[in-house]
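Q: Predicted model and sequence below, questions to follow.
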Amino acid sequence: MTRTPVNVTVTGAAGQIGYALLFRIASGQLLGADVPVKLRLLEITPALKAAEGTAMELDDCAFPLLQGIDITDDPNVAFDGANVALLVGARPRTKGMERGDLLEANGGIFKPQGKAINDHAADDIKVLVVGNPANTNALIAQAAAPDVPAERFTAMTRLDHNRALTQLSKKTGVAVSEIKRLTIWGNHSATQYPDIFHATVAGKNAAEVVNDEKWLAEDFIPTVAKRGAAIIEARGASSAASAANAAIDHVHTWVNGTAEGDWTSMGIPSDGSYGVPEGLISSFPVTCKDGKYEIVQGLDINEFSRTRIDASVKELQDEREAVRGLGLI
Ligand SMILES: NC(=O)c1ccc[n+]([C@@H]2O[C@H](COP(=O)([O-])OP(=O)(O)OC[C@H]3O[C@@H](n4cnc5c(N)ncnc54)[C@H](O)[C@@H]3O)[C@@H](O)[C@H]2O)c1
Ligand SMILES: O=C(O)C[C@H](O)C(=O)O
């Protein structure tokens, strides 16, 4: 194998998502079956031993693409030369909490990590923030990295996108592979808006196929938006394997592109499209090509969608004000 390995940094490597994620990265599912990787695992000091245990297991898999594992509690070391950074490490919410309740607890993590990325990462760094509240944590990290192009900081709404695909598939009886152009707008929170008005189901307009606004408003949207809480209620812990799967999907699509005629959802810095204030990290419909993404333009936004997009964007603005007040941006 002659390709230069890609340096992938994963924070919170000893956590639940980390455990579901690292083996898939090392096996080639993140970047491609022919792309060698070097892993950098960042953890807090008390969790280093657990991260070492995971690294031992990674070694024991003898993955042909895995060309090294470094473990550290120093962000400056973890992000040195990083090409891809998955910011997972954060405190997950527990029963009864909203993701916004985590702002203060987790905000302090993302500012120093953003600075370390600014100072040490490779020029082509791509960042995915998974740790909640993901959109605003991404904003904090991005604000601390003025030398990195802002568009390299993204937040994960792919789990919501995947959840929405499955709910729509169950409602219509059509396989997820036949559903295209679904969109998650806004925040990865209970205000997010999964939009099927531009989606297609086996080539037909999804909203017309469903033809049931009551189901949309009272079943589909709340089921997708509150799925994280439902999983916490059922498992007693937040989603892990599905979150890791979505992180793999997000980066794989960003690097390798969206399929012709389809798009995906990513939390990205707004350029003002669709009335979302510039700079907010909000979820949009995007196409990806050659390692870059673009917002899908020109979609008609009906009244039903507008109200819901605006509500989620308002929450993002409030979160931005809150972290400004805490001196995090
Ligand atoms: N965006 C999404 O769709 C989505 C989905 C699921 C979970 N999440 C979020 O992902 C985060 C991680 O979830 P989890 O279930 O793996 O939690 P976890 O508690 O199992 O693991 C978190 C890990 O992060 C580590 N950590 C804490 N502070 C750190 C720091 N400063 N640097 C490096 N590591 C640090 C902890 O030691 C722990 O090992 C949570 O914020 C959770 O809410 C997001
Ligand atoms: O809901 C949570 O707190 C975890 C995660 O964001 C999820 O959507 O499953």
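A: That came in fine, so what should we check first? Numbers count the residues shown, from 1 in each chain. Ligands and ions are numbered 1, 2, ... in the order given.
Q: drop to CA atoms for contacts and neighbour counts, all remaining ones
A: Fine.
Q: So Ile248 versus Val84, what's the distance?
A: Taking C-alpha to C-alpha, to the nearest Å as the measure, Ile248 falls 12 Å from Val84.
Q: One more: Ala50?
A: 23 Å.
Q: Tell me which of the two has more neighbours.
A: Using other C-alpha atoms under 10 Å as the criterion, Ala50 and Val84 rank with Val84 on top: 23 against 14.
Q: Tell me what that one is bridged to.
A: In this entry, Val84 is beta-bridged to Val8, Lys126, by DSSP bridges.
Q: Was I right to think it contacts Pro5?
A: No: look at Val84 against Pro5 with C-alpha atoms under 8 Å: they stay out of range, at 11.4 Å.
Q: For the residue of the stretch 101-250 of the chain found nearest ligand 1, the count of nearby residues, please.
A: Going by C-alpha to the nearest ligand atom, ligand 1 is nearest to Gly131 of the stretch 101-250 of the chain, at 3.5 Å. Using other C-alpha under 10 Å, Gly131 is surrounded by 28 other residues.
Q: Taking the centroid of this structure, which residue is nearest it?
A: Nearest to the geometric centre of the chain sits Met156, at 1.5 Å (C-alpha atoms, centre = their mean).
Q: how much space between that one and Gly267?
A: Met156 sits 6 Å away from Gly267, going by C-alpha to C-alpha.
Q: swap in Ala322?
A: Per C-alpha to C-alpha, Ala322 is found 19 Å from Gly267.
Q: and stretch 262-269, anywhere near ligand 1?
A: No: against ligand 1, stretch 262-269 shows no contacts by C-alpha under 6 Å from any ligand atom, the least distance being 9.6 Å.
Q: On the three-state scheme, Met266 is what?
A: Look at Met266: counting by DSSP: H, G, I helix; E, B strand; the rest coil, its state is strand.
Q: got the residues of the stretch 51-200 of the chain near ligand 1?
A: 88-93, 109, 130-132, 134, 156-157, 159.
Q: from those, which ones fall inside helices?
A: Judged by DSSP state H, these include 109, 134, 159 as members of helices.
Q: if we can go back for a sec, I'd say the residue nearest to the centre of the chain and Ala134 touch.
A: Yes: using C-alpha under 8 Å, Met156 is in contact with Ala134, at 6.6 Å.
Q: if I look at the two, which residues touch both of them?
A: His188 (C-alpha atoms under 8 Å, 6 or more residues apart in numbering).
Q: what residues are up against Asp160?
A: By C-alpha under 8 Å, 6+ apart, the neighbours of Asp160 are 184, 188, 194, 224-225.
Q: Arg91 and Asn106 touch, don't they?
A: Yes: contact criterion C-alpha under 8 Å: Arg91 and Asn106 qualify, at 6.5 Å.
Q: What is the burial count for Arg91?
A: 16.
Q: Buried residues, stretch 165-183. List them.
A: 165-169, 172, 176, 179-183 (16 or more other C-alpha atoms under 10 Å).
Q: Let me see the ranges of the helices in the stretch 51-200 of the chain.
A: For the stretch 51-200 of the chain, the helices defined by DSSP state H, counting those that start in this stretch cover 75-78, 103-120, 134-143, 158-172.
Q: Also the stretch 201-329 of the chain?
A: Assigned by DSSP H, counting those that start in this stretch, the helices in the stretch 201-329 of the chain fall at 206-210, 213-215, 221-225, 227-235, 241-256, 303-325.
Q: What mean pLDDT does the fifth one get?
A: Computed over helix 241-256, the mean pLDDT rounds to 98.
Q: and that helix, what other elements does it pack with?
A: The contact analysis (3 or more C-alpha pairs under 8 Å, 6 or more residues apart in numbering; DSSP states H and E) places helix 241-256 against helix 16-26, helix 158-172, strand 281-289, strand 292-295.
Q: try it again with 6 Å
A: Packed against helix 241-256, as judged by 3 or more C-alpha pairs under 6 Å, 6 or more residues apart in numbering; DSSP states H and E, are the following elements: helix 16-26.
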